[in-house]
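**Student:** based on what follows, work out the 3D shape:
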Amino acid sequence: MGSEGPKAVTVHVTGFKKFQGVTENPTETIVNNLKDFVERKGLRARITFGSFTILETAGDSALPSLYQTLESGISKTNGVSNEQVVWLHLGVNSGAHKFAIERKAANEATFRCPDESGWQPQQVPIVPEDGGISRTRETSCSAEAIFRFLKNKGYDVMISDDAGRFVCNYVYYHSLRFAEQKGHKSLFVHVPLFTKIDEETQMRFAASLLEAIASVC
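**Tutor:** Residues are numbered from 1 along each chain as shown. From the prediction side, this is the model:
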């Protein structure tokens, strides 16, 4: 019998809407335009787009819509063999000057400001049954390989072991947990504001990020 060959990769992409201090979230623009951008430029990777979703920048109140989004990845690929599902979450770090591949998420919600539903938890476990706030989960994607791929493309990128404690970390923790349970993979990447790295460069980065995921995840 012959080999099944490499797995096809289906990527679901999420971004966020505005939140306190960020009236225009670059990830909303990137996610909304990514499919058309990639189709125009051409993507040299064996990849299928699953979905593009813009999440509310909220924690607990947004969980139903988050899990509805995650569950949709199962219904679209249910029964399909030889396929790897990857959740790619994009968030903004308004103080950053480079892209950051987030290796892990912490089981802690300590919001520096209220989220868009007005919730501002302090040192609360995101998933209490997972244990205390010191618990972390790590992506099963190779952050190092993705970093090298993007660095070789000329992008100003880094690996981060701290996704903060705000909504980005909150969503990432839930996504990593869900991915582990369902046999999917999850990755979070922080981007700067467009005033720090322009929109065109960020769109090209996002397209290259998809190529990296298809190559190494």
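**Student:** now do the helices in the protein.
**Tutor:** Using DSSP state H, the helices of the chain run over 26-41, 63-77, 143-152, 167-182, 199-216.
**Student:** and those helices, which one is worst for confidence?
**Tutor:** Among the helices of the chain, helix 63-77 has the lowest mean pLDDT, at a mean of 83.
**Student:** give me the contact list for it.
**Tutor:** Residues from elsewhere that reach helix 63-77 (CB atoms under 8 Å, 6 or more residues apart in numbering): 10, 12, 14, 50-51, 53, 55-56, 83, 85, 87, 171, 174-175, 178, 182, 184. Every residue, glycine included, has its C-beta placed from N, CA and C.
**Student:** point out the most buried one among the helices of the chain.
**Tutor:** Burial of the helices of the chain is given as mean neighbour count (mean count of other CB atoms under 10 Å); helix 167-182 ranks first at a mean of 22.
**Student:** and that helix, how far from the chain's centre?
**Tutor:** Helix 167-182 sits 9 Å away from the centroid of its parent chain (CA atoms, centre = their mean, to the nearest Å).
**Student:** Gln123 is in contact with Asn107, isn't it?
**Tutor:** No - Gln123 is not in contact with Asn107 according to CB atoms under 8 Å; the separation is 10.8 Å.
**Student:** what do those two both touch?
**Tutor:** Common contact partners of Gln123 and Asn107 (CB under 8 Å, 6+ apart): Ile133.
**Student:** neighbour-wise, which of those two wins?
**Tutor:** Set Gln123 next to Asn107 and count neighbours by other CB atoms under 10 Å: Asn107 wins out with 21 against 10.
**Student:** look up how far Thr27 lies from the more buried one.
**Tutor:** Remark: distance between Asn107 and Thr27 (CB to CB, to the nearest Å) = 23 Å.
**Student:** please apply the same query to Ile47.
**Tutor:** In this view, Ile47 and Thr27 are 19 Å apart by CB to CB.
**Student:** cool, and Lys98?
**Tutor:** 15 Å.
**Student:** do Tyr155 as well
**Tutor:** Taking CB to CB as the measure, Tyr155 falls 16 Å from Thr27.
**Student:** just give me the residue closest to the centre of the protein.
**Tutor:** Most central in the chain under CA atoms, centre = their mean is His89, positioned 1.5 Å from the mean C-alpha point.
**Student:** quick check, pLDDT for the closest residue to it other than its chain neighbours.
**Tutor:** Counting by CB to CB, 6 or more residues apart in numbering, His89 lies nearest to Phe188, which is 4.5 Å off, once chain neighbours are set aside. On pLDDT, Phe188 comes in at 98.
**Student:** start at 491, not 1
**Tutor:** Understood, numbering begins at 491; the last thing we discussed is Phe678.
**Student:** list the contacts of Phe678.
**Tutor:** By CB under 8 Å, 6+ apart, the contact list for Phe678 reads His579, Leu580, Gly581, Glu592, Ala595, Thr629, Ala653, Cys658, Val661, Tyr662, Ser665.
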